[in-house]
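Curious how this folds, go ahead:
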Amino acid sequence: MLVKQLSLFLENRSGRLAAATRVFAQNGVNILALSLADTSDFGVLRVIVDKPEAAHKALRDAGFTVVASDVIAVEVEDQPGGLAAVLDILQKDAVNLEYMYAFSSLKAHRAALVFRFEDPDAAIRSLTNANVSVMSKTDLLGE
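All right, here's what the predicted structure looks like:
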């Protein structure tokens, strides 16, 4: 139930994000979800892609600093309170959340929440015990 996420460290200068996405395109890698955060000196692009191993290699070969990590994605109804309900479950079980981002599909009225946890196994137990749908990579791909 863990999903592989790639984190790229990008200098805060024009064209770096475009260069990274070009590497994905040139290698036939589809971006499923992304988050971009910045500081004054660099940005962190977090992506979930359909071919994480190929993307990781291609990015490193292109000179990018990239780190692979495991995250958890859960599916919720895309409606007010969907995120709050999941966070309430995690708070009740004292599961520490490091960061998160989300994406939704208006067509399907579903949303995916992507989380990085200090203890992913505890998070999965907490969520599945509360009947929250923990997604696999296959679920994210819509297969």
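
Would you mind splitting this structure into its domains for me?
2-69, 71-137 (automatic domain parsing).

where among the ones you listed is the average confidence lowest?
Across the domains of the chain, domain 71-137 has the smallest mean pLDDT, namely a mean of 89.

Pull the distance from that one to the chain's centre.
11 Å (C-alpha atoms, centre = their mean, to the nearest Å).

May I see the domains of the chain organised as TSV, with mean neighbour count added?
Glycine gets a C-beta too; all of them are placed from N, C-alpha and C. Below are the domains of the chain laid out as TSV (neighbours: other C-beta atoms under 10 Å):
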stretch	mean neighbour count
domain 2-69	15
domain 71-137	15
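
Not counting its own residues, what contacts the biggest strand by length in the chain?
Taking DSSP state E as the criterion, the chain has its longest strand at strand 65-77. With contacts defined as C-beta atoms under 8 Å, 6 or more residues apart in numbering, strand 65-77 is touched by 1-9, 33, 48, 52, 56, 59-60, 82-83, 85-86, 109-117, 120, 123-124, 127, 132-135, 139-140.

distance between the ends of stretch 116-132?
16 Å (C-alpha to C-alpha, to the nearest Å).

How about residues contacting that stretch?
With C-beta under 8 Å, 6+ apart, stretch 116-132 has contacts from 1-2, 5, 69-72, 74, 76, 86, 89-90, 92-93, 95-100, 115, 134.
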